[in-house]
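J.: could you look at this predicted model? Sequence included:
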There are 2 protein chains.
Amino acid sequence: MTRVLDDQPAIPVRSAGVKDVAVAAGVSLGTVSNVLNKPDRVSVSTRSRVEQAMAELGFVRNESARQLRAGRSSTVAYVMLDASNPFFTDVAQGVEDVAERRDLSLFMCNSDNRIEREHAYLDRLQQQRVQGILVTPVDPTDPALREVARHGTPVVIVDRVGDADTHCSVAVDDILGGQLAIDHLVDLGHERIAFVGGPQHLGQVRDQLAGAREAFESSGSTGGVVVIETEALTVADLLTLGLLQQCVGLGIRVPEDLAIVGYGDIDFAAAAAVPLSSVRQPRRNLGRTAAELLIDEASNPEHTHQQVLFTPELVARASTRRR
Amino acid sequence: MTRVLDDQPAIPVRSAGVKDVAVAAGVSLGTVSNVLNKPDRVSVSTRSRVEQAMAELGFVRNESARQLRAGRSSTVAYVMLDASNPFFTDVAQGVEDVAERRDLSLFMCNSDNRIEREHAYLDRLQQQRVQGILVTPVDPTDPALREVARHGTPVVIVDRVGDADTHCSVAVDDILGGQLAIDHLVDLGHERIAFVGGPQHLGQVRDQLAGAREAFESSGSTGGVVVIETEALTVADLLTLGLLQQCVGLGIRVPEDLAIVGYGDIDFAAAAAVPLSSVRQPRRNLGRTAAELLIDEASNPEHTHQQVLFTPELVARASTRRR
DNA sequence: TTGTACGCGTTATCAA
DNA sequence: TTGATAACGCGTACAA
């Protein structure tokens, strides 16, 4: 039942377990376990014998068995709404920062905006008994999220606000973001303002618009904000970039004829033909904070849920300028 | 040992197992198992009684126990080199296409270009007994990759070419890609050509350049290709975009003064100020194919390793045009 | 159709 | 310091 590969040592086809190692090393099963988990309780000579046996047999710990025994795993998961959206990958980086420090592994799943995929992943992750799940849900009001939490797997909502008494959430104050953008434009003397944004059924888009309107009105300006609704849900700044290209193509000068403020401040914003002013969200920090909250909930019995709201920041660049 | 949440049914603090369900439903343990795995062998009435008990207790299958019993899991993993690079997320989409169809879950891990992180993930994934691992490695010659395969976990190398007799690989013919770009430029009458690319120690960059040089020479042109090496490893098209911005800023007209061909054809390429001609790689297909190979290796005893090389394609846009 | 007993690989406990 | 044994939760024979 073994095959030989070139001059590599023989490897059993079916991977070896502690038992096999014990036999090969001529020790008992418990000793092997001790070598793995409490190396100092094993004499040096025995230990090295065991370690050599492990190397020879190509021993790989069986995480399923460990988990079964321990009752919990050492992984957390982030169910992303859209893995090809730089916003979420940046959030994920923040999550990884924390996970790595805590020696947890992070598994990323991509729901790709499809609720059934999100559900499938939530199910699997529960079954895997992950320590907790970070999720940017398709629908923050989805009862399935509460169910998961109710079944004992901590859930933290990212970039949305969920049910405050079943999970923590970490989001950005988009109302404020909308205000920042408008205040900036009004400060620069603009009076005719349009809001170009994604589908209104998204809470964040609504919030941005609400903030925008509020700021516009309290500026004493007359008239209102023209709303142009787009269909696709993309990082707002990508949309902004497209808008900019169109302007260039149509001979509209930015910022002379039209000033533009983006939302999201992706890397390209600064590198655009006309560097874009943008409302920047602390994406990585969002991820880090969410991960901290998750870990706290998973390990601290005193944990209480909290809703963290981050403040966005306006970065002024060439696409807006005093007239 | 139970707590009551509002008007939700009580949930045991420690999640219920088949045993608890059996007791609650007044049936034996085996029957519960049958309800889960062979529902047709259980009378309708019994089954519904069991199902109700499961719902009431908030029963969640324990995947660790299942795996331990079954000896294998039903997940595959993709260890990405850089999750914030659209190239890899597109590849991941392709992988997901296949995984979903086969009812496998895909866990994505991000090595973030750090070899120690890659190793950590490879270890964990082996321990989880995933069916197989797709990986775009930091270093395709890394012996660790062979070790994983040797220990019995199938490994498929993505966007790199690895050790042909230990794993399959799926990559793009970058030599051809380089040729395509140069042929295109030469066809348009260009004679002075520069190659702007990432670090030369990357096989792909070397290949692109080799192809470029070859095409240039066989075109009968005299002189050579000027090489400008960049440090960062990014999608070539992002770099190209930056180059374009610089040209615009410096008053260099594209394509009149300078024609540009990108590499990678990311979404922005077409939407740039001057839409970029680009060498396009079949990214999603790369992912799909890699996943198919992995699954074949994991389940087909007759599997033989193969190295698939995809052909890139030149997409001509405004950044190159007949002079 | 339903119930019982055993084993998967690991770790913890206790005895030697 | 080391060794034997019992759990962890589930699936699957086999017996009723």
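T.: Good, I have the coordinates.
J.: quickly note the distance from A:Ser221 to B:Val138.
T.: 54 Å (C-beta to C-beta, to the nearest Å). Just so you know, the C-beta spots here come from the backbone N, C-alpha and C atoms, and that holds for glycine as well.
J.: ugh, wrong one, A:Arg322
T.: When A:Arg322 is compared with B:Val138 (using C-beta to C-beta), they lie 48 Å apart.
J.: when those two are compared, which one has more neighbours?
T.: B:Val138 (19 against 8; other C-beta atoms under 10 Å in any protein chain shown).
J.: wait, the more buried one sits on B:Val79?
T.: No. B:Val138 is beyond contact range of B:Val79, at 9.7 Å (criterion: C-beta atoms under 8 Å).
J.: list residues touching both of the two?
T.: B:Ser111, B:Glu118 (C-beta atoms under 8 Å, 6 or more residues apart in numbering or on different chains).
J.: and stretch A:101-121, does that touch DNA strand C?
T.: No. Judged by C-beta under 7 Å from any atom of the strand, stretch A:101-121 and DNA strand C are separated, with a smallest distance of 14.8 Å.
J.: A:Arg150 - how many residues pack around it?
T.: Residues near A:Arg150, counting by other C-beta under 10 Å: 16.
J.: the spatially closest residue to A:Ser28 that is not a sequence neighbour and DNA strand D, how far apart?
T.: Spatially, and ignoring its direct neighbours in sequence, A:Ser28 is nearest to A:Ala22 (5.9 Å; C-beta to C-beta, 6 or more residues apart in numbering or on different chains). Distance of A:Ala22 to DNA strand D, computed by C-beta to the nearest atom of the strand, to the nearest Å: 7 Å.
J.: tabulate the CA atom coordinates of the one helix or strand A:Ala22 maps to in PDB.
T.: Assigned by DSSP states H and E, A:Ala22 belongs to helix A:18-25. The C-alpha coordinates for helix A:18-25 follow below in PDB (Å, rounded to 0.1, in the frame of the first residue of the first chain):
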ATOM      1  CA  VAL A  18      -1.000   9.400  15.200                       C
ATOM      2  CA  LYS A  19      -1.500   5.700  15.600                       C
ATOM      3  CA  ASP A  20       0.700   4.900  12.700                       C
ATOM      4  CA  VAL A  21       3.300   7.300  13.900                       C
ATOM      5  CA  ALA A  22       3.200   5.700  17.300                       C
ATOM      6  CA  VAL A  23       3.800   2.200  15.900                       C
ATOM      7  CA  ALA A  24       6.600   3.500  13.600                       C
ATOM      8  CA  ALA A  25       8.300   5.300  16.500                       C
END
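J.: for it, what is the distance to the chain centroid?
T.: Put simply, helix A:18-25 sits 42 Å off its chain's centre (C-alpha atoms, centre = their mean, to the nearest Å).
J.: in terms of secondary structure, what does it contact?
T.: helix A:29-37, helix A:44-57 (3 or more C-beta pairs under 8 Å, 6 or more residues apart in numbering or on different chains; DSSP states H and E).
J.: in the stretch 101-250 of chain A, what residue lies closest to DNA strand C?
T.: Minimum separation of the stretch 101-250 of chain A from DNA strand C (C-beta to the nearest atom of the strand) falls at A:Arg129, amounting to 13.6 Å.
J.: so that residue, which of the three states?
T.: coil (DSSP: H, G, I helix; E, B strand; the rest coil).
J.: next, count neighbours for it.
T.: A:Arg129 has 22 nearby residues by other C-beta under 10 Å.
J.: the stretch 1-150 of chain A: strands as residue ranges?
T.: For the stretch 1-150 of chain A, the strands defined by DSSP state E, counting those that start in this stretch occupy A:2-3, A:11-12, A:75-80, A:105-110, A:132-135.
J.: what about the fourth one and chain B, any contact?
T.: What that stands for is strand A:105-110. Yes. Strand A:105-110 reaches chain B (C-beta under 8 Å from any C-beta of the partner chain) through A:Ser105, A:Leu106, A:Phe107, A:Met108, A:Cys109, A:Asn110.
J.: in CSV, list the helices and strands packed on helix A:18-25 along with mean pLDDT.
T.: Putting the helices and strands packed on helix A:18-25 into CSV (pLDDT from 0 to 100) gives the following:
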stretch, mean pLDDT
helix A:29-37, 93
helix A:44-57, 93
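J.: how about these, which one is nearest A:Val254?
T.: helix A:29-37 (62.7 Å; C-beta to C-beta).
J.: any idea of the angle the closest one forms with helix A:44-57?
T.: Put simply, helix A:29-37 runs at 90 degrees to helix A:44-57, going by axes from the mean of the first three to the mean of the last three C-alpha atoms, to 10 degrees.
J.: so, low pLDDT: which residues of the stretch 151-300 of chain A?
T.: Along the stretch 151-300 of chain A, the model assigns pLDDT under 70 to residues A:231-238, A:267, A:271.
J.: let's go with 50 and repeat that
T.: A:233 (pLDDT under 50).
J.: which single residue in it comes nearest to DNA strand C?
T.: Nearest to DNA strand C, among the residues of the stretch 151-300 of chain A, is A:Ser299, at 16.4 Å (C-beta to the nearest atom of the strand).
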